[in-house]
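Peer 1: Task: produce atomic coordinates for the following.
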Amino acid sequence: MKYIAMYLLIFTLTLVAPAPAHAQVSCVTVTKKNLPARAHAQMCGPVTQGTSLANRQDTLQVNPYIAGSYERRSKAWWNTLEHQLTLSLDVPYEQVEETALQNIIFFATHHGEKVKLNDAAARLLGIYRNHDQVTYRIMALAALHAIGDESAMQQLNQIVEDEASNRVRHVAIAALHDHYYRK
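Peer 2: Numbers count the residues shown, from 1 in each chain. Sure, this is the predicted structure:
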């Protein structure tokens, strides 16, 4: 088990490793309507005053290392990623589980066309139902929402009314609302 946890840690680091210090990193233009102003400012400097990023139809500046690093990955890499993230949810260490949840949310949100994490949906529902910590339960909801598995969302819809925590129930209802009304 120790070797699996170490492998997952190394695997995770390769997914989110920063650009090498010697790499030339500059901003390039990509289309992204809903990039938050804070994220844009962190990557490429502040947005000009009076500009609303939520309503912009034009392009924003994004670091090319971040934008292009996953675009060049092979189908085999994406399949391995799917498998590893799903397996990571069963590792009994909270740090691995937390990282897996964060990575599932990221990849399902930003690369959903390349990575299909529907196999993780049943385990995510289990985390939502049974985890002791509210933060993990909310991350599981965010991951379920990002994946968008219809069967899992239907199951969530059936059990959300029994949720004891108002905070978790509110997040679940918001995820369900967005899932069914964004189509």
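Peer 1: Please count neighbours and contacts with C-alpha atoms only from this point.
Peer 2: Fine.
Peer 1: On the three-state scheme, Leu156 is what?
Peer 2: helix (DSSP: H, G, I helix; E, B strand; the rest coil).
Peer 1: quick one, what contacts Ala121?
Peer 2: Leu144, Ile147, Asp149, Ala152 (Cα atoms under 8 Å, 6 or more residues apart in numbering).
Peer 1: Name the helix or strand for the first one, please.
Peer 2: Read it as Leu144. Leu144 belongs to helix 134-147 when assigned by DSSP states H and E.
Peer 1: Likewise for the last one?
Peer 2: Secondary structure assigned from DSSP H and E places Ala152 in helix 150-159.
Peer 1: So what touches that helix?
Peer 2: Against helix 150-159 from outside (Cα under 8 Å, 6+ apart): Ala121, Ala122, Leu125, Leu144, His145, Ala172, Ile173, Leu176.
Peer 1: For Arg169, which non-adjacent residue is spatially closest?
Peer 2: Glu163 (5.7 Å; Cα to Cα, 6 or more residues apart in numbering).
Peer 1: so that neighbour sits right up against His170, yeah?
Peer 2: No: under the criterion of Cα atoms under 8 Å, Glu163 is not in contact with His170, lying 9.4 Å apart.
Peer 1: Shouldn't Glu161 be within a strand?
Peer 2: No: in this structure, Glu161 is helix, not part of a strand, as judged by three-state DSSP.
Peer 1: Count the residues that sit near it.
Peer 2: 11 (other Cα atoms under 10 Å).
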